[in-house]
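Got a sequence here, can you model it:
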Amino acid sequence: MRWTASMEKIADWHTRRAMNVPATDPTPPYIYIHMRHGDFSQQCEDFPVDQCFAPLFVIARRVSEAQEELRTREGIDATHVIMTSDERDPEWLSERIEEIYGKWHPVFIDTIIQSNGAGFVGTRGSTMSTLAGRRVQSWHDGATRLVRWGWPGSDDH
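Residues are numbered from 1 along each chain as shown. Predicted coordinates:
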């Protein structure tokens with residue numbers, strides 16, 4: 001499966017916008033983060049949610065690992081990072097892509113941006129993270145990591 005040229009163009013526009021890159025410059029390599037919480041919080045039965053999910057410093061460590069792998073293995077300096085969330089609060093969302101492009105475009109745009117990353121950091125157990133990570137690996141020979149969660153210290157290593 002590949003994306004259509006028109007969808008790639010829309011996704012690239014949003015990628016550049018997220019990284020504040022002018023249209024005249026090439027799209028720089030980036031690490032894409034997909035941190036799923038939402039319905040996963042129901043699995044945090046034994047611990048409060050803030051202890052169940054990996055803290056930001058753990059996610060940052062996984063990003064650093066992917067960046068180091070890309071530098072060492074490919075000579076790529078992926079200093080840009082794009083992160084998505086399954087947050088539902090409309091006040092938190094600054095742009096309503098669905099209203100501009102239609103109901104399914106936000107999902108496709110996110111998926112295309114995920115798959116075009118030089119690296120990927122996702123949520124262990126998330127189907128979307130698994131698929132995105134495999135696309136980054138097979139399409140771009142990218143560096144991928146999955147963040148473990150479920151109990152305090154679950155991603156310590």
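
hey, where'd the helices end up in the chain?
5-19, 49-52, 56-74, 97-101, 105-115, 127-140 (DSSP state H).

hey, which of those helices is tucked in deepest?
helix 105-115 (a mean of 19; mean count of other C-beta atoms under 10 Å). Bear in mind the C-beta positions are built from the backbone N, C-alpha and C, glycine included.

so which of the helices of the chain gets nearest residue 84?
Closest to residue 84 of the helices of the chain is helix 105-115 (C-beta to C-beta; 5.7 Å).

who's in contact with that closest one?
Defining contact as C-beta atoms under 8 Å, 6 or more residues apart in numbering, one finds that helix 105-115 is touched by 3, 7-8, 10-11, 14-15, 18, 32, 34, 82, 84, 97-98, 101, 120, 128, 132, 135-136, 139.

before we move on, what about stretch 136-153?
Contacts for stretch 136-153 (C-beta under 8 Å, 6+ apart): 32, 35, 40, 43-44, 46-47, 51-54, 58-59, 62-63, 65-67, 69-70, 73-74, 114-125, 129-130, 133, 154-155.

which of the residues in that stretch are buried?
By neighbour count on 16 or more other C-beta atoms under 10 Å, the buried set for stretch 136-153 is 136, 140, 142, 143, 144, 145, 146, 147, 148, 149, 150.
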